[in-house]
Every structure is written in structure tokens, then in C-alpha cells.
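Participant: would you be able to build a 3D model of this:
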Amino acid sequence: MAFIYDIRANLTMLVDLLNTSEDVATDGDELTTAAKLREFAARHDFSGPLTATKSDVAETLRLRERFATALDASILAETADEVETATSAVVDEINLTLSDSGSVPQLVKHDHWDWHLHATGAQASLADRVAADVALVLIDLIRSGDLDRLGRCAADDCRAYLADFSRNRSKRFCDTGGCANRTHVAAFRARHSETD
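Facilitator: Residues are numbered from 1 along each chain as shown. Next comes the predicted model:
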């Protein structure tokens, strides 16, 4: 599947959001203050005012935890029944998120973005705008059968999430810490130490 710009951007934002938690990030939780939430939103090109409150931070952290739990179940699902159950759990979180964020979808065009969907208005809280974008990209993934494009890094010492944009769904390592290179170098050294 070729991902259009807004889906790719929102999927990258979702992965980055999941990777801000203290069990993934190397420097501890990366979304502990309103300033860090504003920086996160600016890094991901959010439109509208980038004001954040302590409440926005708390709501965003709850959102991150809820989706991390639901997506981990989806990532670990192996059988068709497990996949269906896990997908239903993600859908439940999406529907709750859309309801809680007061989503009223609108088609918009602004800045360098072509036509795309906003689920909340620009005056909604920053937490609601993050939540709505998470819900929208997950809706796109579920409807296209691409929820398995979200995964966890295959490196033994990494717990980061990843988005697989490859055509053949072959991405195994995250983009955060050089995990692919580190793993390949270790495997190369192990092979050569066995032959010496």
C-alpha cells in the first residue's frame, strides 16, 4: 500500500507518541510537561494553536497508555481469532477516543498540506487534536487491513514501536537507536568468531 502524506505523517506521529514512554525512551518519559507536549505537536506539524496545559499532558499520557496496551495485543496476536479480538479492542479505543475528543470530522487544506481530514477543530485542546489524529490513522489502517504495519523493534535490547512503510512488510527494526546496524554487526561478529 502506498500511504498518502497525511496517513504517513499521522502514523509516524503515533509511533513517536508511543515511543515517548519511559519503558521505551532511553532518557525517561518524554511527555511530562506542557512544554514537551507543545514541542511534540510542533515536531509533528499540528495546525492551530500549540497551547498545552497539565490536563492536556495527563490526557495525552492516558491516550498513549490505552493505545499501547491495545496495540501490543494486536502486535502479539498470532491466530485469526487473536487478531480479530485484538483489532476489536483497538476499535473500542478508537471509538472511545473519537467520542471523548468531541470529534466532528472536517475536510481541510492548509499550509503545505493538501486536502485531508481533521477530526476536531483547530480550537480543540491539543490533547483532543492528538487523540483525534491517532484515531484517524488507526481507522485508516484497520479499514485497509494494514494494522500489522505497526510493530515492535526486533532488537533484543529495544522496546521501541515502529511503522512499516515497506512494500513487502519487511521492516523489523525501529529508527530510533541504530538497532538494525547494531544487530547486524553483532550477528556478523558472532559468525566470524565461530569460524576462527
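
Participant: name the surrounding residues that touch the longest helix seen in the chain.
Facilitator: What stands out as the longest helix in the chain, according to DSSP state H, is helix 54-76. Helix 54-76 has contacts (C-beta atoms under 8 Å, 6 or more residues apart in numbering) with 14, 17-18, 20-21, 29, 31-34, 36-37, 82-83, 85-87, 89-90, 92-93, 96-97, 125-128, 130-131, 134, 138, 147-148, 150-152, 161. Using the backbone N, CA and C atoms, a C-beta is placed for each residue, glycine as well.

Participant: wait, is residue 108 part of a strand?
Facilitator: Yes. Secondary structure of residue 108 (DSSP: H, G, I helix; E, B strand; the rest coil): part of a strand.

Participant: not counting its neighbours along the chain, what's nearest it?
Facilitator: residue 118 (5.0 Å; C-beta to C-beta, 6 or more residues apart in numbering).

Participant: what's near enough to touch that neighbour?
Facilitator: 47, 105, 106, 107, 108, 129, 132.

Participant: partner residues bridging it?
Facilitator: residue 106 (DSSP bridges).

Participant: any idea how far residue 34 is from it?
Facilitator: Look at residue 118 and residue 34: by C-beta to C-beta, to the nearest Å, they are 22 Å apart.

Participant: selecting buried members of the contacts of residue 118 in PyMOL, what would you type?
Facilitator: In PyMOL, this line selects whichever of the contacts of residue 118 come out buried by 16 or more other C-beta atoms under 10 Å:
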select buried, resi 129+132
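
Participant: closest one of the contacts of residue 118 to residue 177?
Facilitator: residue 129 (28.5 Å; C-beta to C-beta).

Participant: quick check: chain neighbours aside, which residue is closest to that closest one?
Facilitator: Nearest to residue 129 is residue 120, by C-beta to C-beta, 6+ apart, at 5.4 Å.

Participant: just the pLDDT for the one you found.
Facilitator: On the pLDDT scale, residue 120 is placed at 84.
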